[in-house]
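[1] Quick one: sequence and predicted model below, then my questions.
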Amino acid sequence: MSVHIGANKGDIADTILLPGDPLRAKYIAENFLENVFCYNEVRGMYGYTGTYKGKKISVQGTGMGVPSISIYVNELIQSYDVQNLIRVGTCGAIKKNVKVRDVILASTSSTDSQMNRVVFGGIDYAPTADFELLKKAYDTGVEKGLSLRVGNVFTSDSFYRDNMPEMLELLDTYNVLGIEMETTALYTLAAKYNRHALSVLTVSDHIVTGEETTAEERQTTFNEMIEVALDAAVK
Ligand SMILES: O=P(O)(O)O[C@H]1O[C@H](CO)[C@@H](O)[C@H]1O
Ligand SMILES: O=c1cc[nH]c(=O)[nH]1
């Protein structure tokens, strides 16, 4: 086991889905995977392995924010040799033409993350999705007739902030589609260790217009996002 994951070697698949919410990991395992077992309960950050369309797949909660996902991604790569890491998360929309329930594929991410500033000093590193995973997810989403967006998301260290209106206006001007809290860390670590990473995000609310999803709509969109991620993973 690693410091935060109580799995044995071989328990975790080469390909893993990464929701922020550990209960979303449980939901995915119970509703989408077959032959499932739980390999992690440390800190309540559930991890499961099962099969999807015959292929071994794992799903692991990461918690919220860059420091938390960085712990799980580091351990999944260094202790369990995971190769393909697909975040399945939620985000808030910024642009007017991005709607709640849209699914965003993050081709890249901008950030205010202090962790990347420490790593890169004065350099503006551009965290990037794995092209093959992105293409597979895009093709899957198009086949399913989903409202898909591909582009830049903003990974923030803060969910609440004093300068929110000014920041949103700036991000809108520069065509950032949505705001969330983990993608930059996932893409940066995947690049460092030569792994494949992608963030698939459901728009759960519109930060500018205040539009929100109902619980039922959220569930449907989550299911669509999870199917996009799983089908891309087994293609
Ligand atoms: O739904 P998840 O995957 O947790 O993602 C989003 O939701 C959390 C904030 O509520 C942050 O983790 C943000 O990135
Ligand atoms: O507004 C939101 C919604 C989801 N996740 C965020 O970080 N912000």
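    Looks like it arrived, so ask away. Residues are numbered from 1 along each chain as shown. Ligands and ions are numbered 1, 2, ... in the order given.
[2] By proximity to ligand 2, which residue of this protein wins?
    residue 92 (2.4 Å; CB to the nearest ligand atom). In short, each C-beta sits where N, CA and C put it, glycine included.
[3] Beta-bridge partners for that residue, please?
    residue 179, residue 205 (DSSP bridges).
[4] do the same with residue 59
    Bridge pairing for residue 59 - DSSP bridges - gives residue 17, residue 48.
[5] Can you give me the neighbour number for it?
    32 (other CB atoms under 10 Å).
[6] so residue 149 touches residue 106, yeah?
    No. Assessed by CB atoms under 8 Å, residue 149 is found out of contact with residue 106, at 9.5 Å.
[7] any residues in contact with both of the two?
    The overlap between the contact sets of residue 149 and residue 106 (CB atoms under 8 Å, 6 or more residues apart in numbering) consists of residue 177.
[8] Those two: who's more crowded?
    Remark: of residue 149 and residue 106, residue 106 carries more neighbours, 31 against 22, as counted by other CB under 10 Å.
[9] before we move on, could you check phi and psi at the more buried one?
    phi -80, psi 100 (degrees, to the nearest 10).
[10] Show me what it is bridged to.
    residue 151.
[11] before we move on, what about the one 5 residues further on?
    Residue 111 forms beta bridges with residue 155, as assigned by DSSP bridges.
[12] I'd like to know how far it sits from residue 13.
    Per CB to CB, to the nearest Å, residue 111 is found 28 Å from residue 13.
[13] who touches the residue of the chain closest to ligand 2 in this structure?
    Residue 92 touches 178, 179, 180, 203, 204, 205, 206, 207, counting by CB under 8 Å, 6+ apart.
[14] any chance of the residues you listed in CSV, with pLDDT too?
    Listed next are these as CSV, based on pLDDT from 0 to 100:
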residue, pLDDT
178, 96
179, 97
180, 97
203, 94
204, 92
205, 92
206, 92
207, 90
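[15] Neighbour count added to the residues you listed, as JSON lines?
    Formatted as JSON lines, these follow (neighbours: other CB atoms under 10 Å):
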{"residue": "178", "neighbour count": "30"}
{"residue": "179", "neighbour count": "22"}
{"residue": "180", "neighbour count": "26"}
{"residue": "203", "neighbour count": "27"}
{"residue": "204", "neighbour count": "20"}
{"residue": "205", "neighbour count": "16"}
{"residue": "206", "neighbour count": "20"}
{"residue": "207", "neighbour count": "18"}
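[16] what's the most distant pair in those?
    Largest separation among these by CB to CB: 180 and 206, giving 13.7 Å.
[17] Give me the buried positions along stretch 122-142.
    127, 128, 129, 130, 133, 134, 136, 137, 138, 140, 141 (16 or more other CB atoms under 10 Å).
[18] swap in stretch 52-61?
    Those would be 52, 57, 58, 59, 60, 61, for stretch 52-61 by 16+ other CB under 10 Å.
[19] Now flag whichever of the residues you listed is closest to residue 41.
    Nearest to residue 41 among those, with distances taken as CB to CB, is residue 61, at 10.5 Å.
[20] Enumerate the helices of this protein by residue range, in sequence order.
    22-32, 66-78, 114-120, 131-143, 164-173, 183-192, 215-234 (DSSP state H).
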